[in-house]
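[1] my questions concern the predicted model and sequence given below.
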Amino acid sequence: MSAADGNWKITINTPMGAQTVDAVITTSGDTFTGTTSGQMGTQSVEGKVNGDTLTWSTQITSPMPMTLEFEAKVEGDTMNGNVKLGAFGSAPMTGVRA
């Protein structure tokens, strides 16, 4: 079991206010799968594991279509990182084990 496995509550501090997402992550070697659910609906996610860093991207359609690119470092019961918001720059993200 990886340090990243489990349930997380992730907060993205976007220019339009904080967005909270619940995530379930299951790692397998250097990849992971899971789901995220929040105001933008429920989506399957898959990404890469590099040591204690997770990277993944997801497509959203609301408030406008764009690709979000996540990079988060897991430390114990927290994760910290950044989300690239399409053409809108980056936003800090944090997560806590749920």
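    On my side now, so go ahead.
[2] most centrally placed residue in the protein?
    Closest to where the C-alpha atoms of the chain average out (Cα atoms, centre = their mean) is Phe70, at 5.5 Å.
[3] so what secondary structure elements neighbour whichever strand or helix holds that residue?
    Assigned by DSSP states H and E, Phe70 falls within strand 66-75. With contacts defined as 3 or more Cβ pairs under 8 Å, 6 or more residues apart in numbering; DSSP states H and E, strand 66-75 has these neighbours: strand 53-60, strand 78-85, strand 90-97. (C-beta placed from N, C-alpha, C; glycine too.)
[4] the closest residue to Asp77 other than its chain neighbours and Asp5: what is the separation?
    Once flanking residues are discounted, Asp77 sits nearest to Arg97: 4.1 Å by Cβ to Cβ, 6 or more residues apart in numbering. Going from Arg97 to Asp5 by Cβ to Cβ, to the nearest Å gives 10 Å.
[5] repeat for Asn82
    Per Cβ to Cβ, Asn82 is found 22 Å from Asp5.
[6] go on, Pro15?
    Computed with Cβ to Cβ, the distance linking Pro15 and Asp5 is 31 Å.
[7] follow-up on the earlier one: make sure the residue nearest to Asp77 is actually in contact with Ala4.
    No. Counting by Cβ atoms under 8 Å, Ala4 is not a contact partner of Arg97; they are 9.9 Å apart.
[8] that's all I had, so thanks and see you.
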